[in-house]
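**Student:** next input, structure requested:
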Amino acid sequence: MKALVWHGKEDIRCDTVTDPEIEHERDAIIKVTSCAICGSDLHLFHNYIPAMMPGDIMGHETMGEVVEVGSGVNGKLKKGDRIVVPFTIICGECEQCRRGNFSVCETTNRNKKIAEKVFGHTTAGLFGYTHLTGGYPGGQAEYLRVPFADKTHIKVPDSLSDEQALFLSDILPTGWQAAVQCDIEPDDTVAVWGCGPVGQMAIRSAILLGAKQVIAIDRLPERLSMAEAAGAITINFEKESVVGRLNELTDSKGPEKCIDAVGFESHVSVAQPDSVLDRAKQMFMMENDRPHALREAIYVCRPGGIISIPGVYGGFSDKIPMGMLMNKGLTIRTGQTHVNRWTDDLLQRIEDGQIDPSFVITHTMPLERGPEMYRVFRDKQDSCVKVVLKP
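**Tutor:** Numbers count the residues shown, from 1 in each chain. This is a model prediction of the structure:
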């Protein structure tokens with residue numbers, strides 16, 4: 001089969017690889033009908049997250065048609081079913097899964113001893129996302145083996161298109177969880193740093209959850225326009241002061257809730273000296289992350305507020321203002337997304353027309369053009385916000 005394969009830093013190729021097979025009774029095989037390139041994939045593209053190996057198949061936003069099931073799936077899936085595959089692989093049986101903490105499933109990371117050394121305790125297995133999270137082949141391919149398929153799936157009704165359902169795999173529940181973690185109240189201002197795909201979903205989620213106003217912070221006109229279309233107030237940080245504008249919009253009190261949908265690759269700008277220093281430290285391997293957006297969120301957040309972090313961080317971040325965080329009494333909530341905790345509700349909202357996640361798609365291409373589209377997505381060429389690939 002064809003698949004997008006990691007060969008090293010900024011080297012993704014469309015290769016012919018071995019077709020997946022049933023390896024365990026709880027497995028299923030799907031024929032992929034749609035997959036997407038995620039902003040998190042760019043962290044791997046840039047080789048900022050360790051434990052990728054040449055030959056690893058990329059991708060964790062995938063859906064398709066079931067073509068084979070293991071004997072242990074026990075009727076939960078059958079040939080011909082259309083499913084979305086969450087990026088988190090879950091057993092559904094461990095203590096964390098029973099609590100709904102699916103992204104920290106205690107069972108599915110087949111490299112859990114490595115994860116325990118790095119993180120202290122294991123987290124869940126993830127598709128296409130380094131050997132720290134199990135080294136599972138990803139879904140930017142013609143076929144995908146789904147481990148623990150009796151639990152790791154979302155059935156899709158025929159009434160929904162791939163484009164409407166695909167993002168239940170990651171960015172829609174990720175944006176939703178980011179907003180839910182804010183405990184939004186009717187008088188709240190929610191500020192969202194980063195208007196990429198996850199930020200766009202967080203903006204719409206905060207609006208659906210009843211925020212008084214949502215403020216979107218980015219620099220790219222196409223992203224800001226998309227956020228404005230949802231009902232957000234926008235700030236272009238290259239043209240105006242984020243701190244000054246947020247003070248204007250909140251009577252100098254600051255937003256009660258802040259969402260960092262940027263993560264560890266904040267834009268580097270001479271207007272943001274800390275981001276320049278972070279980039280220099282990255283080059284000399286003295287720091288992993290560029291957390292400018294997080295620092296700014298801590299600075300502007302109203303005392304007693306909440307900062308929710310769906311943006312991915314990869315390692316060590318310098319100069320996080322802990323004194324500011326502690327003295328203002330801020331709460332930080334983080335985590336990979338507990339996808340299956342949210343998908344029943346979100347699927348119903350899509351069916352009811354409350355949200356159509358397909359709005360974020362700007363490019364649809366054949367799988368073979370994936371390597372090219374990684375660069376288009378990275379460089380934000382052609383107003384690219386979200387790429388869907390069709391095997």
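**Student:** separation between G128 and M58?
**Tutor:** G128 is 5 Å from M58, where distance means Cβ to Cβ, to the nearest Å. (Glycine included, C-beta is placed from N, CA and C.)
**Student:** anything in contact with each of these two?
**Tutor:** Counting by Cβ atoms under 8 Å, 6 or more residues apart in numbering, the contacts common to G128 and M58 are 41, 138, 140.
**Student:** the second one reaches E61, doesn't it?
**Tutor:** No. Taking Cβ atoms under 8 Å as the contact criterion, G138 and E61 are not neighbours in contact, 9.2 Å apart.
**Student:** show me the helices in this protein, by range?
**Tutor:** 39-45, 95-98, 112-119, 162-165, 171-180, 197-208, 221-230, 242-249, 273-283, 292-300, 322-327, 339-351, 370-379 (DSSP state H).
**Student:** picking that back up, among G128 and M58, which residue is more densely surrounded?
**Tutor:** Neighbours per residue, other Cβ atoms under 10 Å: of G128 and M58, the larger number sits with G128, 31 against 27.
**Student:** for P157, grab the count of nearby residues.
**Tutor:** Here the count is done by other Cβ under 10 Å, and P157 has 10 residues near it.
**Student:** tell me which residues touch the closest residue to it other than its chain neighbours, please.
**Tutor:** Ranked by Cβ to Cβ, 6 or more residues apart in numbering and with sequence neighbours excluded, the top spatial neighbour of P157 is E351, at 7.2 Å. For E351, the contact set (Cβ under 8 Å, 6+ apart) comprises 157, 159-160.
**Student:** settle it for me: which of G138 and E61 has more neighbours?
**Tutor:** Using other Cβ under 10 Å as the criterion, G138 and E61 rank with E61 on top: 30 against 26.
**Student:** what's the domain layout of the chain?
**Tutor:** Following automatic domain parsing, the chain resolves into domains at 2-169+337-390, 172-334.
**Student:** can I get the ones you listed in JSON lines with mean pLDDT?
**Tutor:** Below are the domains of the chain laid out as JSON lines (pLDDT from 0 to 100):
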{"stretch": "domain 2-169+337-390", "mean pLDDT": "97"}
{"stretch": "domain 172-334", "mean pLDDT": "95"}
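**Student:** show me how far stretch 261-271 is from its chain's centre.
**Tutor:** Averaging C-alpha positions (Cα atoms, centre = their mean, to the nearest Å) puts stretch 261-271 17 Å from its chain's average.
**Student:** next one: Y299 from L325, what distance?
**Tutor:** Counting by Cβ to Cβ, the gap from Y299 to L325 is 10 Å.
**Student:** I should have written D382 there, sorry.
**Tutor:** As for D382, its distance to L325 is 39 Å (criterion: Cβ to Cβ).
**Student:** again with A232
**Tutor:** 25 Å.
**Student:** looking at the two, which one has more neighbours?
**Tutor:** Neighbour comparison, A232 and L325: the larger count goes to A232, with 26 against 18 (by other Cβ under 10 Å).
**Student:** let me see the contact set for that one.
**Tutor:** 192, 203, 207, 214-216.
**Student:** by neighbours, which of the residues you listed wins?
**Tutor:** Of the contacts of A232, with other Cβ under 10 Å as the count, V192 tops at 34 neighbours.
**Student:** quick check: closest non-adjacent residue to that residue.
**Tutor:** V192 sits nearest to I259 (Cβ to Cβ, 6+ apart), 4.5 Å away.
**Student:** got the contact list for the nearest residue to I233 once chain neighbours are set aside?
**Tutor:** Closest residue to I233 apart from its sequence neighbours, by Cβ to Cβ, 6+ apart: I215 at 4.9 Å. By Cβ under 8 Å, 6+ apart, the residues touching I215 are 189-192, 232-235, 246, 249, 255.
**Student:** quick one: residues contacting C258.
**Tutor:** 190-193, 297, 300-301, 305-308.
**Student:** what is it paired to in the beta sheet?
**Tutor:** Listed beta-bridge partners, C258: A191, I307 (assigned using DSSP bridges).
**Student:** now do it against A229, distance only.
**Tutor:** Going from C258 to A229 by Cβ to Cβ gives 22 Å.
**Student:** for the spatially closest residue to H292 that is not a sequence neighbour, phi and psi?
**Tutor:** Excluding its sequence neighbours, the residue lying closest to H292 (Cβ to Cβ, 6+ apart) is S266, at 3.9 Å. The phi and psi values for S266, taken as degrees, to the nearest 10, are phi -60, psi 150.
**Student:** could you give the number of residues near S266?
**Tutor:** Neighbours around S266, by other Cβ under 10 Å: 24.
**Student:** for it, give me its contacts.
**Tutor:** S266 neighbours (Cβ under 8 Å, 6+ apart): 272, 275, 278, 290-293.
**Student:** next one: Y374
**Tutor:** Neighbours of Y374 in contact, by Cβ under 8 Å, 6+ apart: 12, 37, 41-42, 45.
**Student:** for those residues, which two are the farthest from each other?
**Tutor:** Across the contacts of Y374, the longest distance by Cβ to Cβ is 10.5 Å; it joins I12 and L42.
**Student:** tell me who's in contact with S275.
**Tutor:** S275 touches 266-269, 290, 292, counting by Cβ under 8 Å, 6+ apart.
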